[in-house]
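Chemist: Provide a 3D model corresponding to the input given below.
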Amino acid sequence: MNSHQLFGGWADSARQPVEDARQAFGDVSKQAQRGFQDMSRTARSAVDDMQDAISPYRQSLEDAIVSNPVKAVGVSLAVGVLLGWLIKRS
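Modeler: Numbering: from 1, shown residues only. The predicted structure is shown next:
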């Protein structure tokens, strides 16, 4: 006994909407994947641009820290105390 005889015609008539839904889901999934890839490329480009823009500043900061390590530790400690005090107040 096949499914058509067992369940009547409703099984065959339900198959097409399920296939249509599966196709639509696949299309939406592909569009979402393309959108994610586009956003990912844009974000990577923005990160690269940002790294290029801050590279000279980063190098000068590293040079200042290397040439004045005691001052760098003092500034770091002062900033930490200030942030701790501000956080404690709120």
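Chemist: Val18 and Ala53, how far apart?
Modeler: 52 Å (CB to CB, to the nearest Å). C-beta coordinates here come from the backbone N, C-alpha and C atoms, glycine included.
Chemist: brain fart, Val75
Modeler: Using CB to CB, Val75 is found at 23 Å from Ala53.
Chemist: So these two - more neighbours on which side?
Modeler: The neighbour comparison of Val75 against Ala53 (other CB atoms under 10 Å) goes to Val75, with 13 against 10.
Chemist: For that one, report the pLDDT, please.
Modeler: We have a pLDDT of 94 for Val75.
Chemist: And what about the spatially most central residue of the chain, helix, strand or coil?
Modeler: Most central in the chain under CA atoms, centre = their mean is Ser40, positioned 7.7 Å from the mean C-alpha point. Recorded secondary structure, Ser40: helix (DSSP: H, G, I helix; E, B strand; the rest coil).
Chemist: Same check on the one 4 residues further on?
Modeler: When the structure is split into helix, strand and coil by three-state DSSP, Arg44 lands in helix.
Chemist: where do the helices sit along the protein?
Modeler: Secondary structure of the chain by DSSP state H: the helices cover 3-7, 10-67, 69-89.
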